[in-house]
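[1] build me a model from this:
(one chain, ligands or ions: 2)
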Amino acid sequence: MQLQKETIAVLGAGSWGTALALVLADNSHEVRLWSHNEEQVKEINQYHTNKKYLPEIVLPELIVGYASLSDTLTGIKTVILAVPTKAIREVLGKIRAIQKSPFTIAHVSKGIEPDTLLRITEMIKEELPEQLLESVVVLSGPSHAEEVSLRQPTTVTVSSENMSAASKVQDLFINQNFRVYTNPDVIGVEIGGALKNIIALAAGITNGLGYGDNAKAALMTRGLAEISRLGTKMGANPLTFSGLTGIGDLIVTCTSVHSRNWRAGNLLGKGKTLEEVLENMGMVVEGVRTTKAAYQLAKKYDVKMPITSELYDVLFNGKSAKDAVDVLMARGKTDEMEDLTNILDERNVEA
Ligand SMILES: NC(=O)C1=CN([C@@H]2O[C@H](COP(=O)(O)OP(=O)(O)OC[C@H]3O[C@@H](n4cnc5c(N)ncnc54)[C@H](OP(=O)(O)O)[C@@H]3O)[C@@H](O)[C@H]2O)C=CC1
Ligand SMILES: O=C(CO)COP(=O)(O)O
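    Ligands and ions are numbered 1, 2, ... in the order given. From the prediction side, this is the model:
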């Protein structure tokens, strides 16, 4: 079938927004890449580069930088929202003030909002009026921008309450290098994508402490166990956590040198303070805020999340990373699957 060409707005010209703009341009779509930084827009349009975020990459003519959000959104039917979770409400507020005609929004961010405990699709529905929002889609999965921009094989998943909108976003992005699956489980896809960053921080910390592959494997596996428990209690399909947005993203983020969360954790494990680490990163480390949100979610849903809880104390209560590992290793004896099985049993009783 002939691919329908479209002009698409990508909001956020960081690593991920720029890499996704490249995928869309590779599929011959025109891309308006919006940035709140005018200097960066000039660089994109004059030199066809985005050196801060993807230093190796030349951008094709189909990608045009925009500084005006109003111009970016004129006549647009599909918006890709690619800013950090912390900036999402601000950008949605700007869209609300400008946009008059309905559009589909696909967000690609990985986080949960602390305190409100909302997932990103829920924040979007809260900020944008129903008559503006045709559909909300999430795109997530194991996908470092650095590799996507080099056209290396990558797989991701799209999800939505409106699966025909998800299929449309799948069609916009899918190509020989970027394979896009669908999954109707929005909760599972968003929870897996957001919470893997917590485990990546923890995996980085164990590396910084000098621990090896056994510790990393333990964190990834037991990390997935606590993500699955929380997600399942929140209504996700437990099978989603063995997919791309669960174990897939956990693998890539806990093992890749590209991961900002892993790198931040590694520096923490080596003794740097959180402030020093974040100052030097220059890019978003979503796992820090998400640790706070997940810690609150664990309390709200009464789910055991020992790794999240220990990381919370390391990040926000001055606990030493070594002490946190010692606490995790000295926990009372437990069965590997018991807690998840209990949650599934409870769900069956309620159904
Ligand atoms: N990088 C990756 O490989 C992947 C990232 N993601 C997710 O995508 C999301 C974005 O991450 P990523 O692109 O990597 O982050 P970066 O830190 O690389 O870039 C963030 C971009 O958002 C901009 N921004 C920040 N605050 C605002 C604001 N208030 N209004 C407008 N723009 C703003 C930044 O501008 P400025 O330059 O001025 O700071 C920058 O252009 C995150 O949730 C991340 O988890 C998902 C998959 C892969
Ligand atoms: O989500 C990502 C890869 O799938 C990117 O992870 P980091 O934000 O840790 O770099």
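[2] from now on I want contacts and neighbour counts done on CA atoms only, so please keep to that.
    Noted.
[3] end to end, how far does stretch 237-255 reach?
    25 Å (Cα to Cα, to the nearest Å).
[4] would you mind pulling up the elements that the lowest-mean-pLDDT helix or strand in the chain packs against?
    None of the helices or strands of the chain scores lower by mean pLDDT, DSSP states H and E than helix 338-350, at a mean of 90. Packing contacts for helix 338-350, counted by 3 or more Cα pairs under 8 Å, 6 or more residues apart in numbering; DSSP states H and E, involve helix 213-233.
[5] check the offset of the helix it packs on from the chain's centre.
    17 Å (Cα atoms, centre = their mean, to the nearest Å).
[6] between it and helix 338-350, how many degrees?
    For helix 213-233 against helix 338-350, the angle by axes from the mean of the first three to the mean of the last three Cα atoms, to 10 degrees is 10 degrees.
[7] near ligand 1, anything from the next helix or strand after helix 213-233?
    The helix or strand immediately downstream of helix 213-233 is helix 249-255, counting by DSSP states H and E. No. Judged by Cα under 6 Å from any ligand atom, helix 249-255 makes no contact with ligand 1; its nearest approach is 9.0 Å.
[8] please apply the same query to stretch 226-244.
    No. Stretch 226-244 stays clear of ligand 1 (Cα under 6 Å from any ligand atom), getting no nearer than 12.1 Å.
[9] could you list the buried residues of stretch 315-335?
    315, 320, 321, 324, 325 (16 or more other Cα atoms under 10 Å).
[10] ditto for stretch 302-317
    303-315.
[11] contacts for that stretch, please.
    Under the contact criterion Cα atoms under 8 Å, 6 or more residues apart in numbering, stretch 302-317 has outside partners 198-199, 202, 219, 223, 226-227, 229-230, 233, 274, 288, 291-292, 294-295, 298, 319-321, 324-325, 327-328.
[12] tell me where the protein has strands.
    Secondary structure of the chain (DSSP state E): strands at 7-11, 30-34, 63-66, 78-81, 103-107, 133-140, 154-160, 178-182.
[13] and the residue in the stretch 151-300 of the chain positioned nearest to ligand 1, how far from residue 204?
    The minimum distance from the stretch 151-300 of the chain to ligand 1, using Cα to the nearest ligand atom, falls at residue 283 (3.4 Å). Going from residue 283 to residue 204 by Cα to Cα gives 17 Å.
[14] residue 35 too?
    In terms of Cα to Cα, residue 35 sits 30 Å off from residue 204.
[15] count of neighbours near the nearest residue to residue 131 once chain neighbours are set aside?
    Leaving aside its chain neighbours, residue 131 sits nearest to residue 102 (6.5 Å; criterion: Cα to Cα, 6 or more residues apart in numbering). When neighbours are counted by other Cα atoms under 10 Å, residue 102 registers 17.
[16] surely residue 102 and residue 128 touch.
    No. The criterion here is Cα atoms under 8 Å, and residue 102 misses it with residue 128 at 10.3 Å.
[17] residue 67 and residue 35 touch, don't they?
    Yes. Residue 67 is within contact range of residue 35, at 5.7 Å (criterion: Cα under 8 Å).
[18] identify the contacts common to the two.
    By Cα under 8 Å, 6+ apart, residue 67 and residue 35 have these common neighbours: residue 41.
[19] neighbour-wise, which of the two wins?
    With neighbours defined as other Cα under 10 Å, residue 67 and residue 35 compare such that residue 35 has more, 23 against 18.
[20] next one: the more buried one from residue 262, what distance?
    Distance, residue 35 to residue 262, using Cα to Cα: 26 Å.
[21] can you check residue 323 too?
    For residue 323, the distance to residue 262 equals 19 Å [Cα to Cα].
[22] with residue 337 instead?
    As judged by Cα to Cα, residue 337 and residue 262 stand 27 Å apart.
[23] who has more neighbours, those two?
    Taking other Cα under 10 Å, residue 337 and residue 262 do not tie; residue 262 has more neighbours (30 against 10).
[24] wait, the more buried one touches residue 251, no?
    No. Applying Cα under 8 Å as the test, residue 262 and residue 251 come out as separate, 11.2 Å apart.
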